[in-house]
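Participant: just coords:
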C-alpha cells in the first residue's frame, strides 16, 4: 500500500465534509493539535481561531445550518506538507442568517492553506469571500 500524500489527505478531508460528514467522519484527518484560523469575513467579521475539539463540534452542528455542501476545487498548490486549495464553495441554508434566508444557496470563494504532518492535518488557515448576490466571478 502506498503512503497518502498531503494533497490526498486534504482532499479526503474536504470530500468527507462535502459528503455530509460530521465529527466522526472528519476526525481521522485531523492531528490532535489541529488549529483552524479563519481570517475576518462576512459571517465572522472578527475572524476566529478554533481548536480540533471546537472544529469537530462545529462539524456536527453544521448539519443543522447547511446541507448539500459542495467544494469545486479550482486549483491546488503543494510543497512538502503544505497544501493550498482555491475553492468555490456552496451550500443550501437550513436556517436564516444575516444576509440569507433558509432555502437559499450561499456561496463563497475560499483559499485555505493546510499544513499536513504525519498523514494528518495540523493546521488550516482559511480566507473566505462570501457573495451576497449572484455567483462568484469567473
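Facilitator: Okay, I see it. Keep in mind that what you see is a predicted model, and the values were worked out from it rather than measured.
Participant: use CA for all of it now, contacts and neighbours both
Facilitator: Fine.
Participant: Let me see the ranges of the helices in the chain.
Facilitator: 6-18, 23-26, 52-61 (DSSP state H).
Participant: Show me which residues of the first one are buried.
Facilitator: Same thing as helix 6-18. For helix 6-18, burial by neighbour count (16 or more other CA atoms under 10 Å) applies to 6, 7, 9, 10, 11, 13, 14, 15, 16, 17, 18.
Participant: Nearest to residue 28 among the residues you listed?
Facilitator: residue 13 (8.6 Å; CA to CA).
Participant: can I assume the closest one is in contact with residue 26?
Facilitator: Yes - using CA atoms under 8 Å, residue 13 is in contact with residue 26, at 6.1 Å.
Participant: so where do the strands sit in this protein?
Facilitator: Counting by DSSP state E, the chain has strands at residues 30-38, 48-51, 66-79, 82-93, 105-117, 120-131.
Participant: Now do the fifth one and strand 30-38, the angle between them.
Facilitator: To tie it back to what came earlier, the one meant is strand 105-117. 130 degrees (axes from the mean of the first three to the mean of the last three CA atoms, to 10 degrees).
Participant: swap in the fourth one?
Facilitator: What separates the directions of strand 82-93 and strand 30-38 is an angle of 70 degrees, with the same axes, to 10 degrees.
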